[in-house]
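Chemist: Structure, please.
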Amino acid sequence: MRIAFGFDIFYPETNGVITSTINLARNLIDMGHEVYFFVPADKAFTDDVIENGIRIIRINALPTFIYKGIKIMPVWGWFLSKYFKKYHFDIIHNTSPWLMCMALNHAARRTHTPVLATHHTLIDDPNYIKYALKSDTLAKLARKPIWQILFIPFFELVWMATAPNQQTCDSVKAHMPNLDVRYVSNGIDISKFDDENCTNILPESIPESWVGRNTFLYVGRLGFEKALDVTIKAFSLAHKQIPDSKLIIVGQGPAQYELKEMVRDLGIRDSVLFTGLIPNKQVIESRIMKRVNSFVTASLSENQSMTIIEAICSGCPVICADVYNMTSLVDKDAGWYFQPSNPEDMSKKMVSALKNPELRDRKAENALRNRDLYDGKRVAQQFEDLYKELLRKKDEGFYVKNGKEKALYYNRNYT
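Modeler: Predicted structure coming up:
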């Protein structure tokens, strides 16, 4: 099959959607398929082929101030027709409901190409809407209309949707009762966590003295939606009880300046290290996750966190909020749960992890037992089965909303 993925954010930005989709694409290529990525053009990323076989199609787009990496372009997709004519894609697989993927939806409808969409990011969460509206109040008010404005027009043009979280599947189905929605986990290359792929070399921005069983680690975007303010407040409380404890925060993002000010105001600058962005490969190969006490996150807006999956595969216990999208990943025997948005309760779990090394090590062993659940090869096989199912639907005459009329008009006038 010839499969094209659509992205609304891509390199030089990095995120879990990119990481998980690249892993999927690599496995699909190993299975004998051709893979193309439609990405917004960026002067800082000019590669034509990545990961030994993923072909890049860059589409001109205008930058915005909504969210770092988000760009705008026309949604009707006529400018994509030349690529559909040239490559004759069998499947379009979109990764977000924004403009690039919407344009691919329209182009696919005209050519009667099956579209699968994976609902990765909970954009209807007020923490995400706030980036565009710059107001907590407006973000909360916009949560319901965003489905009418953004999601429903997008999902009306896809043939099938997946999500890496059953609760998210249920949410999409509640808004789109006629849409076929399936649960499929994100996958990663679990072989990267084998001992022969380990360097034990720490990134330059992390001193050796900072890594040990008294250190907590966060890896991810420094965005307001990640609730890092809760994590920092919780660490500050734990640090008062255990003064030699440390917190390493890996990543960058729009909240980093406020977070650094918070650390300074709480008087814990000597115990919190902001490393900036570190390539995912370096984080994994250094085995830092295996060497620290625990991975910590207070986020409530994750769909399926790739960094938590990487922590689990590294044998690192996780301290997370007691909400479904976290507890569905982190077994209670592989981490600690705290009351959502409650730094006092989170700090108690941090102190417990520090004071009970044997318990911490048992949870680490239990985390490793779940590693195979996220094997990217298994996930790629699941998606291949879905692609084949969509092609059968095409043979049986399935069309999306107004798709038959669009395809007939296109074939009559443009082919």
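
Chemist: only C-alpha atoms for contact and neighbour calcs from this point on.
Modeler: Will do.

Chemist: How about E208, nearest residue that isn't a chain neighbour?
Modeler: Setting aside the residues directly before and after it, E208 is nearest to L202 in space (CA to CA, 6 or more residues apart in numbering), at 7.3 Å.

Chemist: Can you name the residues that contact the one you found?
Modeler: Residues counted as contacts of L202 (CA atoms under 8 Å, 6 or more residues apart in numbering) are E208, Q282, V283, S286, I288.

Chemist: thinking the fourth one is in contact with P203, fair?
Modeler: What it means is S286. Yes: S286 lies in contact with P203 (CA atoms under 8 Å); the separation is 7.4 Å.

Chemist: Helix or strand: which one has A4?
Modeler: Per DSSP states H and E, A4 falls inside strand 2-6.

Chemist: Average pLDDT for the next helix or strand along the chain from that strand, rounded please.
Modeler: Later in the chain than strand 2-6, the nearest helix or strand by DSSP H and E is helix 16-30. Averaging pLDDT along helix 16-30 gives 94.

Chemist: and after helix 16-30, which helix or strand comes next?
Modeler: By DSSP H and E, the next helix or strand past helix 16-30 is strand 34-40.

Chemist: remind me which residues of the chain are low pLDDT?
Modeler: For the chain, the stretches flagged by pLDDT under 70 are 66, 122-144, 415.

Chemist: Leaving out chain neighbours, which residue sits closest to L28?
Modeler: Once flanking residues are discounted, L28 sits nearest to A380: 6.2 Å by CA to CA, 6+ apart.

Chemist: can you confirm V250 is in a helix?
Modeler: No: checked against DSSP: H, G, I helix; E, B strand; the rest coil, V250 lies outside a helix; its state is strand.

Chemist: List the residues that contact N303.
Modeler: N303 touches H120, T121, L122, P164, N165, T168, N325, counting by CA under 8 Å, 6+ apart.

Chemist: rewinding a little: other residues contacting the strand holding A4?
Modeler: With CA under 8 Å, 6+ apart as the contact definition, strand 2-6 has outside contacts at 33-39, 87-96, 100-101, 104.

Chemist: One more: stretch 26-33?
Modeler: With CA under 8 Å, 6+ apart, stretch 26-33 has contacts from M1, R2, I3, E34, V35, E51, G53, I54, G376, K377, A380, E384.

Chemist: right, and the first one touches D90 too?
Modeler: The reference is to M1. Yes: using CA under 8 Å, M1 makes contact with D90 at a distance of 6.0 Å.

Chemist: quick one: which of those two has more around it?
Modeler: Neighbours were counted for M1 and for D90 using other CA atoms under 10 Å; D90 has more, 20 against 17.

Chemist: buried stuff in the strand or helix carrying L259?
Modeler: In the assignment (DSSP H and E), L259 maps to helix 256-265. Residues of helix 256-265 classed as buried under the neighbour-count rule (16 or more other CA atoms under 10 Å) are Q256, L259, K260, M262, V263.

Chemist: before we move on, what about stretch 288-306?
Modeler: 288-306.

Chemist: Return the subset of those lying in strands.
Modeler: S294, F295, V296 (DSSP state E).

Chemist: list the contacts for the first one?
Modeler: Under the criterion of CA under 8 Å, 6+ apart, the contact list for S294 reads T215, F216, L217, C316, P317, V318, I319, A353.

Chemist: quick revisit: for the helix or strand hosting the residue nearest to L28, name the packing helices and strands.
Modeler: Taking DSSP H and E as the definition, one finds A380 inside helix 376-395. The helices and strands touching helix 376-395, judged by 3 or more CA pairs under 8 Å, 6 or more residues apart in numbering; DSSP states H and E, are helix 16-30.

Chemist: got the angle for the helix it packs on vs strand 2-6?
Modeler: Here the directions of helix 16-30 and strand 2-6 differ by 170 degrees (axes from the mean of the first three to the mean of the last three CA atoms, to 10 degrees).
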